[in-house]
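Peer 1: need a structure here:
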Amino acid sequence: MVEAELTGTTLADEDQAFFDSLEPEVRDRLQTDVELCVELVADLPGDKSYEQKIRHHFVEEHGGTIDVLIYTPEDRTLHVVDFKFGMLRVDVEDNPQVMCYLNLGRQLYPQATRFLGSIIQPWFEKTLQTLEFTEQELAGHELAVLEASVSDHLEAGDHCKFCPALPMCPTAAQHLKDEISIFPDLIELAAEDPSPESVELACRMYRAYKLAEKGLEGVSAILKNWASKGSNLKPHGISVSVRSRDKWVADAPERLMINGEYDGLFETTLLSPAQTRKTLKLDRDQFREKFGDLINTVESRTLIVGKGYHEMPEFDDLTGTDS
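Peer 2: Model (predicted):
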């Protein structure tokens, strides 16, 4: 939405439909955040380019898309602006992403002598968080990136969840083993009064398990593929089922909005066919008779582990000594 506002273009149909489906208060807050970003960028001096894609001259795998790249010829200032809409605060100081973007921007403006990096994070503050970087800082960071690009050394951590090789990476697997080996019994941890140390440990456990969950996606894809080729996974307590679901064709929401009978329906969050069917209180046959030409049926394979629901134990008082 920020890009569309800055460049004077329109949102893609699916993006506009998603925006329209949001609750009014969410739409209003999002629109306010977008307007703030546009206003702050508009006030910055210099020649601006948006969604600027750049690849490094020497390392093809190193590159990125810079939200806003600004160059001011008068004082030879290169300025990178990055938007952050998450609820986790990001600091511009020593920020590797900002420094990478500045180094990439220097390829387009080698004459630049002053370097600014800014982060706009509406969730936390209504202004730019800006820091000036020296040429020495940027050169040192670029050297570190180049060294890493030719190194076989792998450092595992939270960042592994973004790596497509996660499910097959022995370094990530060893990292998880090392992490899990220090974890205490979760029931004992929950029975303690929360201390800074126990909270930090619980958060560490959470990150490790989320990383393992991300790696599970790759293994699931392999098992689904093998099951489709005839492998029997049931002796291992795993099965794969094929599920069907309906989705709207591209112009379905627009066509339904035009139809007075359903006017206003798609101003709510009820975008999916299943939600629409339940809201209109139609059974599947009635729904297909009424909307059949507006839906496509798609199939997906779902991996199911175990043979039923295992009830977890209940604890009346997790803070008590006898829990």
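Peer 1: And the nearest residue to residue 109 once chain neighbours are set aside, how far from residue 16?
Peer 2: Once flanking residues are discounted, residue 109 sits nearest to residue 71: 4.8 Å by C-beta to C-beta, 6 or more residues apart in numbering. Bear in mind the C-beta positions are built from the backbone N, C-alpha and C, glycine included. Per C-beta to C-beta, to the nearest Å, residue 71 is found 32 Å from residue 16.
Peer 1: Also residue 122?
Peer 2: Here the criterion is C-beta to C-beta. By it, residue 122 lies 21 Å from residue 16.
Peer 1: So for these two, which sits in the more crowded spot?
Peer 2: Comparing residue 122 with residue 16 by neighbour count (other C-beta atoms under 10 Å), the higher total belongs to residue 122, at 19 against 15.
Peer 1: Could you pull up the contacting residues of that one?
Peer 2: Each residue near residue 122 by C-beta atoms under 8 Å, 6 or more residues apart in numbering is listed here: 32, 33, 36, 37, 85.
Peer 1: try residue 154
Peer 2: Counting by C-beta under 8 Å, 6+ apart, residue 154 makes contact with 169, 171.
Peer 1: Confirm that it sits in a strand.
Peer 2: No. Read with DSSP: H, G, I helix; E, B strand; the rest coil, residue 154 is coil and lies in no strand.
Peer 1: Offset the numbering so it begins at 11, please.
Peer 2: Shifting the count to begin at 11 puts that one at residue 164.
Peer 1: Quick check: it vs residue 239, distance?
Peer 2: From residue 164 across to residue 239, the span is 32 Å (C-beta to C-beta).
Peer 1: Then residue 58?
Peer 2: Distance of residue 58 to residue 239, given as C-beta to C-beta: 52 Å.
Peer 1: Those two: who's more crowded?
Peer 2: Ranked by neighbour count (other C-beta under 10 Å), residue 58 and residue 239 place residue 58 first, with 16 against 7.
Peer 1: Quick check: the more buried one touching residue 51?
Peer 2: Yes. Counting by C-beta atoms under 8 Å, residue 58 touches residue 51, with 7.1 Å between them.
Peer 1: Could you tell me which residues touch both of those two?
Peer 2: With contacts taken as C-beta under 8 Å, 6+ apart, residue 58 and residue 51 have 16, 78 as neighbours in common.
Peer 1: in the stretch 111-260 of the chain, which spans are strands?
Peer 2: With DSSP state E, counting those that start in this stretch as the criterion, the stretch 111-260 of the chain has strands at 124-130, 138-143, 248-258.
Peer 1: Any idea which of the ones you listed gets closest to residue 217?
Peer 2: The closest of the strands of the stretch 111-260 of the chain to residue 217 is strand 124-130. By C-beta to C-beta, the value is 22.7 Å.
Peer 1: what's the offset of that closest one from the middle of its chain?
Peer 2: Strand 124-130 sits 23 Å away from the centroid of its parent chain (C-alpha atoms, centre = their mean, to the nearest Å).
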